[in-house]
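# here is the input, now give the coordinates:
(one chain, ligands or ions: 1)
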Amino acid sequence: MSQGVVTLRILERADKEILKLSRTEKGAIWEFQSKFRQNPDSPGLRLKQLKGDSRLWSARVSADYRALLLSVGDGDYLLVSVKHRKDVYDNLDRYAYQINRVTGGIEVIDLAAVGDSLVGRLIPATEPEESPEIEARGLFARFSDQELLDLGVAEALLASIARVSTEDDLLALVECVPQLTADVLLALHEGKTLEEVLEQVTAPVASEEPVDQEDYAAAVLRPATQVTTDDAALQAILAESFARWQVFLHPTQRKLVERDYTGPARVGGGPGTGKTIVALHRVKHLALELAPGNDRPILLTTFNRNLAADLRERLLALGGPELVTRVDIVNIDKLASRLVSEVGAGGQRRIIDDNRALEEWHGLLLELGEHRWDAEFLAAEWAQVILGQVVNSRTDYFKVRRAGRGRALTREERDSIWQLTERYTKRLEDQGVWTWRQIAERAARLELDRAGRIVDAANAEESSGSIPRYRYQHVVVDEAQDLSPAHWKMLRAMVAPGPNDMFLVGDTHQRIYDNYVTLGSLGINIRGRSARLTLSYRTTRQILHAALSLLTGTVYDDLDGGEEDLSGYRSLLRGGEPSFQGLGTWADERKHLVEQLRAWGPATDGSVAVCVPTRELVAEVVDLLAGAGIPAVEIGPDGPKSHDGVHVGTMHRFKGLEYQRIALAGISDGLVPRRGIESYRDSDPKRHQRERQRERSLLFVAATRARDELVVTWHGNPSPFLVVR
Ligand SMILES: Nc1ncnc2c1ncn2[C@@H]1O[C@H](COP(=O)(O)OP(=O)(O)OP(=O)(O)O)[C@@H](O)[C@H]1O
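Numbers count the residues shown, from 1 in each chain. Prediction:
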């Protein structure tokens, strides 16, 4: 074999084994792989084909360890396992490898591990069949082999699956089988029908082209074969400096990342399904196609400031400084304010937050003795309709669609609101202040003007040198559900419509800023380019089910005038049931909280958080914990002020974060949803419903931040969103 042309990739299952080895052993694997790439035939490596098998080879890693390799082509190997030498040779039949006929991905199964996992209850396929009686009692007896195979179950496991008779058997089995087999079996066990499993679990990972089960060279390149792709990834694995998401994408994730889209594309999906991960990989994928340069032709944006900082860190981890230098990473409001200051608009105006803006509305109405409208209504109307949709004139305001805004307004009412907003903006101007919404609106207008100039110039056939370019070649948006129409107008005008122009990820079930949009009407046509992720990588099945029950009976949109649900949303992780407990008073609940945190042990690594509904409660909990000797850190607009200690914040602050353990406290009637919204029940039922939905989404976001443990408490009556258990 010629030197230097050998490829060695690591199959995801081997990586899991390698992670468990000691540092010395990992070091030995590092040495091994670099020698192997140089010359696999070097005598020290003792590369040999395993007896009776054409594709499996073994090679020496160290005195005690052997690598098990699958040859997928000339000079192309997959590392499928690293084993103690005695385990490699004692029973060659223990390894079954195959190209999955549905996904076209390579699967390697250690049948002995499958047997061991069930403490002798399961036996490898090679051993004699047990009596048909036992089989008939199996959890999956009602499905034929063919049905299971059509769902993508690995053929080598059929005999073992037939013997699974209890849930414990199943849970042990799924630990050591290929991911798709685990996913299918768990879904069937949960009671999904064959059709549902086919649609929700199998179809998204099925190969788009016919699968040749003998063609390993083609199989290794399919998304369903989860492997490291390059040396850097391999090196990172061995140095333990990587996170799994950087290397192994789920086949559905990878398809979405690498697809060529003819226009804007959107990826939805429940919490923790890897939407952010997909957005990051998409940025990397797009960057690889860029012509060399020092500019930043890709925009990566999101709603919150702290999440933009987080995206930067993760993109750095994924692609290093070379990647980050080609990408403009900025939260949407900052981006807008940058455009506005570029042209000196706004002068020295200070930015005020929504609370202060509301106070100003109260002040204005008081001064004018105006009672027809309440301040909250006007604040929202101005922010969402007038600024949100970039309404420039009274005439336009008469015409504008007020989608999702509650009761209809007459022409006369609109006239009066328009006049009030004019006075209001004057009031802010006199004080030298403005809001983020105003900045977004101004930025959208500036950017639309600029895009208009490009079109005009092109029509006049001016030389390309004088035509201002679009700012970006690609725009990637995370947390898309929270952007306002003005934001979308700005973004649309920043990138030329065309292939791969915009890639949006978000989940409308997590919308917490009351911005409703129909992307199609904003020039962002995602029809036919919308997909959904459904497998959660974050939460356990138990937490996921509890969180889903919070959404019972509600309907959500798909950002484009249609509806979206979370069907098929699931997890392969398992843990304890979340706990729900009502206490008599807030004092009792506080005591309970301290006890719970003590029981969880010292949280010096920022893995524990407390989430409460109001800012006042945040301050109280921080004091409470300090008094109890538990270090506590508040989560501010830029994220937790320090890493150590228990993080404490309102539900809004938890967007995009995740913790190992979370206590949701104060989830009482009157607090979640806030009592204040009750006044709209009769006066403006649509508004009431929208506010309720937003509060429900907040609770949903908070509950889905927990990876392993979730504790929910309240005092008095529980929140009506908590289905009584
Ligand atoms: N392919 C993967 N391999 C390993 N871990 C993954 C993978 N994809 C996602 N994860 C992990 O799952 C968790 C959730 O991912 P991510 O934050 O991208 O989800 P999300 O859909 O954006 O969630 P949310 O909507 O709740 O913000 C993260 O810890 C991430 O590292």
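# can you give me the neighbour number for residue 38?
Neighbours of residue 38 under the rule other C-beta atoms under 10 Å: 12. All C-beta spots, glycine's among them, are computed from the backbone N, C-alpha and C.
# quick check: phi and psi at it.
Main-chain dihedrals, residue 38, degrees, to the nearest 10: phi -70, psi -50.
# tell me which parts of the protein are close to the ligand?
Taking C-beta under 6 Å from any ligand atom, the part of the chain that reaches the ligand is made up of 244-245, 248-250, 253, 269, 271-277, 507, 510, 537-538, 656, 658, 704.
# all the strands of the stretch 201-350 of the chain, in order from the start?
265-269, 298-302, 327-331, 350-352 (DSSP state E, counting those that start in this stretch).
# what are the contacting residues of the second one?
By that I understand strand 298-302. With C-beta atoms under 8 Å, 6 or more residues apart in numbering as the test, strand 298-302 has contacts from 279, 283, 286-287, 290, 308, 311, 315, 326-332, 335, 471-479, 491, 494-495, 656.
# looking at the residues of the chain next to the ligand, which are in helices?
244, 245, 253, 275, 276, 277 (DSSP state H).
# which one is the fourth one nearest to, not counting chain neighbours?
Of all residues beyond its chain neighbours, the one nearest residue 275 is residue 505 (3.9 Å), with distances taken as C-beta to C-beta, 6 or more residues apart in numbering.
# circling back to that earlier point, among the contacts of strand 298-302, name the buried ones.
Among the contacts of strand 298-302, those classed as buried by 16 or more other C-beta atoms under 10 Å are 279, 283, 286-287, 308, 311, 315, 326-332, 335, 471-479, 491, 494-495, 656.
# host element of residue 31?
If you go by DSSP states H and E, residue 31 is part of helix 23-38.
# for that helix, list every residue counted as buried.
Neighbour-count burial for helix 23-38, counted by 16+ other C-beta under 10 Å, picks out 25, 26, 28, 29, 30, 32, 33, 35, 36, 37.
# could you dump the strands of the stretch 201-350 of the chain into a markdown table and include mean pLDDT?
As requested, those are exported to a markdown table (pLDDT from 0 to 100):
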| stretch | mean pLDDT |
| --- | --- |
| strand 265-269 | 97 |
| strand 298-302 | 98 |
| strand 327-331 | 97 |
| strand 350-352 | 92 |
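# tabulate the ones you listed (JSON lines), appending distance to residue 429.
Shown next, in JSON lines, are the strands of the stretch 201-350 of the chain (distance: least, C-beta to C-beta, whole Å):
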{"stretch": "strand 265-269", "distance to residue 429": "37"}
{"stretch": "strand 298-302", "distance to residue 429": "28"}
{"stretch": "strand 327-331", "distance to residue 429": "25"}
{"stretch": "strand 350-352", "distance to residue 429": "12"}
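# closest one to residue 396 among the ones you listed?
Closest to residue 396 of these is strand 350-352 (C-beta to C-beta; 25.3 Å).
# which ones are touching the nearest residue to residue 305 once chain neighbours are set aside?
Nearest residue to residue 305, sequence neighbours excluded (C-beta to C-beta, 6+ apart): residue 331, at 4.9 Å. Contacts for residue 331 (C-beta under 8 Å, 6+ apart) come out as 301, 302, 303, 304, 305, 307, 308.
# got the CA positions of the longest helix along the chain in CSV?
Using DSSP H, we find that the single longest helix of the chain is helix 436-459. Taking Å, rounded to 0.1, in the frame of the first residue of the first chain, the C-alpha atoms of helix 436-459 are listed here in CSV:
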residue,chain,number,x,y,z
TRP,A,436,-34.7,49.2,20.6
ARG,A,437,-37.9,48.9,18.6
GLN,A,438,-37.4,52.4,17.1
ILE,A,439,-33.8,51.5,16.2
ALA,A,440,-34.9,48.3,14.5
GLU,A,441,-37.5,50.2,12.5
ARG,A,442,-35.0,52.9,11.5
ALA,A,443,-32.4,50.2,10.5
ALA,A,444,-35.0,48.4,8.4
ARG,A,445,-35.8,51.6,6.6
LEU,A,446,-32.2,52.4,6.0
GLU,A,447,-31.5,49.0,4.7
LEU,A,448,-34.5,48.9,2.5
ASP,A,449,-33.4,52.3,1.0
ARG,A,450,-30.0,50.9,0.4
ALA,A,451,-31.4,47.8,-1.3
GLY,A,452,-33.7,50.0,-3.4
ARG,A,453,-30.6,52.0,-4.5
ILE,A,454,-29.0,48.8,-5.6
VAL,A,455,-32.0,48.0,-7.8
ASP,A,456,-32.1,51.5,-9.2
ALA,A,457,-28.5,51.5,-10.0
ALA,A,458,-28.7,48.1,-11.6
ASN,A,459,-31.7,49.3,-13.7
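# residues near residue 627, how many?
Neighbours of residue 627 under the rule other C-beta under 10 Å: 11.
# so how far is residue 590 from it?
According to C-beta to C-beta, to the nearest Å, residue 627 stands 10 Å off from residue 590.
# which of the residues of the chain next to the ligand are buried?
245, 248-250, 253, 269, 271-277, 507, 510, 537-538, 656, 658, 704.
# where in the stretch 151-300 of the chain is pLDDT low?
Scanning the stretch 151-300 of the chain for pLDDT under 70 picks out 229-233, 235-236, 239-241.
# on that earlier part again, and the buried ones among the contacts of strand 298-302, which of them are in helices?
279, 283, 286, 287, 308, 311, 315, 332, 335, 491, 494.
# to which secondary structure element is the closest residue to residue 372 other than its chain neighbours assigned?
Closest residue in space to residue 372, ignoring its immediate chain neighbours: residue 416 at 7.0 Å, by C-beta to C-beta, 6+ apart. Take DSSP H and E as the rule and residue 416 turns out to sit in helix 411-430.
# helices and strands around that helix, which ones?
Helix 411-430 is packed against helix 354-368, helix 375-380, helix 394-399, with contacts defined by 3 or more C-beta pairs under 8 Å, 6 or more residues apart in numbering; DSSP states H and E.
# nearest to residue 652, out of those?
helix 354-368 (11.1 Å).
# hang on, isn't residue 303 packed against residue 482?
Yes: with contacts counted by C-beta atoms under 8 Å, residue 303 reaches residue 482, the gap being 4.3 Å.
# ok, now which ones touch residue 699?
550, 651, 664, 667, 672, 719, 721.
# return the distance of it relative to residue 613.
Between residue 699 and residue 613 the computed distance is 8 Å (C-beta to C-beta).
# shared neighbours, these two?
Listed as contacting both residue 699 and residue 613 by C-beta under 8 Å, 6+ apart are 651, 667, 672.
# adding pLDDT, secondary structure and neighbour count, write the residues you listed out as a markdown table.
Below are the shared contacts of residue 699 and residue 613 laid out as a markdown table (pLDDT from 0 to 100; DSSP: H, G, I helix; E, B strand; the rest coil; neighbours: other C-beta atoms under 10 Å):
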| residue | pLDDT | secondary structure | neighbour count |
| --- | --- | --- | --- |
| 651 | 94 | helix | 23 |
| 667 | 97 | coil | 25 |
| 672 | 94 | coil | 24 |
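# for residue 713, name its beta-bridge partners.
Using DSSP bridges, the beta-bridge partners of residue 713 come out as residue 581.
# wait, doesn't it sit right on residue 582?
Yes: Residue 713 is in contact with residue 582 according to C-beta under 8 Å; the separation is 7.2 Å.
# of these two, who's got more company?
Shown here are residue 713 and residue 582; by other C-beta under 10 Å, residue 713 has more neighbours (22 against 17).
# how much space between that one and the ligand?
Plainly put, residue 713 is 22 Å away from the ligand if you go by C-beta to the nearest ligand atom, to the nearest Å.
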